[in-house]
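# have a look at this prediction, sequence included:
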Amino acid sequence: MFRVSNILFVILHAIDTYSQLCEGPGGWKCCSGFFWNITHNKCIPCSDGFYGNSCSQQCLFPTYGAGCLSECNCSYDSCHFVFGCKRSVTDCAIGKTGSYCELFCLYPSYGKECQLECHCKKDLCDPANGCKKSTIFTTIASKKEASQMLRSRYNTNQVMMNSKISSY
């Protein structure tokens with residue numbers, strides 16, 4: 001027995017999957033501004049900097065970005081079809097670098113102009129904010145600190161256990 005929610009899910013999935021399909025002389029295809037994503041098995045919007053049938057064309061100067069809707073206020077040579085005008089590194093958002101602020105800081109660097117250094121594993125280093133809290137410890141600067149912290153907890157637990165035993 002189908003529930004209404006199951007039917008609704010199937011209808012919404014079909015709308016989401018096929019809403020960007022257009023009919024053409026050769027049959028159904030993705031509409032302009034979309035391309036077929038094999039992994040997701042549906043039409044998805046063009047990546048930033050691209051437009052047209054199957055997203056095969058780059059934005060034309062002076063346009064750039066998502067849907068080519070942004071406009072460069074710089075020369076042709078300084079305008080990138082995805083990122084816009086070249087910028088000074090000092091103009092980049094925190095955690096970004098590059099001529100167009102298109103790159104994340106490389107590990108172990110992080111922060112404004114990538115001037116700070118993470119003292120944690122690569123997977124815990126955020127390019128903007130530095131070391132993320134791990135599930136075991138908050139940001140630890142070194143293995144030595146971690147070792148000291150574990151030893152301290154162990155010694156505290158031993159003292160507590162010994163005091164309980166001696167009270168019997």
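In hand now; what should we look at?

# so which residues of this protein form helices?
Using DSSP state H, the helices found in the chain span residues 4-18, 143-166.

# report the beta-bridge partners for C79.
C85 (DSSP bridges).

# kindly report the same for K42.
Judged by DSSP bridges, the bridge partners of K42 are N37.

# go on, Y64?
Here Y64, judged by DSSP bridges, has bridge partners S70.

# burial count for it?
Here the count is done by other Cβ atoms under 10 Å, and Y64 has 23 residues near it. Bear in mind the C-beta positions are built from the backbone N, C-alpha and C, glycine included.

# check contacts around C68.
Contact partners of C68, counting by Cβ atoms under 8 Å, 6 or more residues apart in numbering, are G49, Y51, C59, L60.

# mean pLDDT lowest where, among the helices of the chain?
Ranked by mean pLDDT, the helices of the chain bottom out at helix 4-18, with a mean of 39.

# adding neighbour count, write the contacts of C68 out as a markdown table.
Shown next, in a markdown table, are those (neighbours: other Cβ atoms under 10 Å):
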| residue | neighbour count |
| --- | --- |
| G49 | 21 |
| Y51 | 21 |
| C59 | 25 |
| L60 | 10 |
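
# which residues does the closest residue to K122 other than its chain neighbours contact?
For K122, ignoring the flanking residues on the chain, the nearest one in space by Cβ to Cβ, 6 or more residues apart in numbering is Y107 at 4.7 Å. Going by Cβ under 8 Å, 6+ apart, Y107 touches C118, K122, C125.

# pull out the buried members of these.
Taking 16 or more other Cβ atoms under 10 Å as the criterion, what is buried in the contacts of Y107 is C118, C125.

# Y76: which of the contacts of Y107 is nearest?
Lowest distance from Y76 to the contacts of Y107 (Cβ to Cβ) belongs to C125, with 37.0 Å.
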